[in-house]
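Q: Need coordinates for the following:
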Amino acid sequence: MPFPQYPKKYDQEVIITPKQHLHAEREDYERFHVPKSVILCFEAYVMEHYKQLPNTKHETFWTGEVIYLLDTDKEIAIVGNFGIGGPAAGHMLEILIAAGVENFVVVGHAGGLQKSNPIGSLVLCDKAVRDEGLSHHYLPPDKYAYPSSALSTALERQLTKADIPYARGSSWTIDSMYRETKEEINHYAQEGIATVEMELASLFAVATFRQVQIGALLVISDYVAFEDWVEHLHSNTTTNALFRAVEVTKTVLQGLDRADRIIE
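A: Residues are numbered from 1 along each chain as shown. Presented below is the predicted three-dimensional model:
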């Protein structure tokens, strides 16, 4: 059975676009300040940490929250608390693109498939296995979805400049963490896949389709490469690495061109 089940969809006209949807809700968002760049975050404690800082401002937007980093003149924001998984993340990405955001970096936890990457390791993702559903509605069949090479290179340069250890690696994106079988894990581990998570292939596909920049910097928070799950989701090593990843990403995004945008 092909997937999607209507294989001719890629050159078909859609019934509703993200811009139409955003316009339909314009009364709620007409004064929303559109940042040029967004850090997509899936960890609630990171959102809470940045909301408490004095140089930030937060507000609700669409299905989630936006935290503006005021020392960037609100040109960089952290967006999170919109749910997990490809459909939730892809939906939010579509709306942010429709609003005018041009650059995105995903920062979050990931399960480790390679025992050589210790807990707290940073992994700069260079491709994602499309073992989920959403990407197949954006791009024709292929094994991988890819981030933007320019933004990935910028992240790599900053990591090197800051003397922060990291690894380049690929990720396995699956729709349900509760259906990661041991045989699959061994299969992808033997292929050299570095991490497993639930969003990257979807996000890379949407960004590719919409022609915006996206990168991903992941933190190993647990191991699935052993016979039993070994988790360090809230250890100091994991949380400190995640905050470090956010700051690296912020520095990279600050180096991009800046512009003011308000939804009209």
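
Q: isn't Tyr166 right up against Asn117?
A: No. Using Cβ atoms under 8 Å, Tyr166 is not in contact with Asn117, being 9.8 Å away. In this view, the C-beta of every residue, glycine as well, is placed from N, C-alpha and C.

Q: for the longest helix anywhere in the chain, what is the average pLDDT?
A: With DSSP state H setting the assignment, residue counts place helix 236-254 as the longest helix in the chain. Taken as a whole, helix 236-254 has a mean pLDDT of 96.

Q: Over to stretch 119-126?
A: 97.

Q: start at 2 instead
A: Yep, numbering from 2; the last one is stretch 120-127 now.

Q: Lowest average confidence across helices and strands of this protein, where is it?
A: Ranking every helix and strand in the chain by mean pLDDT, DSSP states H and E puts strand 231-232 at the bottom, with a mean of 88.

Q: what sits up against that strand?
A: Contact with strand 231-232 is made by 222-224, as judged by Cβ atoms under 8 Å, 6 or more residues apart in numbering.

Q: one more time with 7 Å, if that's ok
A: 223-224 (Cβ atoms under 7 Å, 6 or more residues apart in numbering).

Q: got it, and stretch 83-99?
A: Against stretch 83-99 from outside (Cβ under 7 Å, 6+ apart): 19-20, 23, 39, 41, 43, 63-65, 80, 105, 133-135, 176, 199-200, 203-204, 207-208, 211, 213.

Q: which of these count as buried?
A: Those of the contacts of stretch 83-99 that meet the buried threshold are 19, 23, 39, 41, 43, 63, 65, 80, 105, 133-135, 176, 199-200, 203-204, 207-208, 213, by 16 or more other Cβ atoms under 10 Å.

Q: so how far is the longest helix of the chain from its chain's centroid?
A: Relative to its chain's centre, helix 237-255 lies at 14 Å (Cα atoms, centre = their mean, to the nearest Å).

Q: Which of the three states applies to the residue lying closest to Thr240 once chain neighbours are set aside?
A: Distance criterion Cβ to Cβ, 6 or more residues apart in numbering; nearest residue to Thr240, sequence neighbours excluded, is Tyr46 at 7.0 Å. Put simply, Tyr46 is helix when judged by DSSP: H, G, I helix; E, B strand; the rest coil.

Q: Now do the contacts for the residue positioned nearest the centre of the chain.
A: Nearest residue to the geometric centre of the chain (Cα atoms, centre = their mean): Val107, 2.9 Å. By Cβ under 7 Å, 6+ apart, Val107 lies in contact with 41, 200-201, 204, 217.

Q: This completes my enquiry, with thanks.
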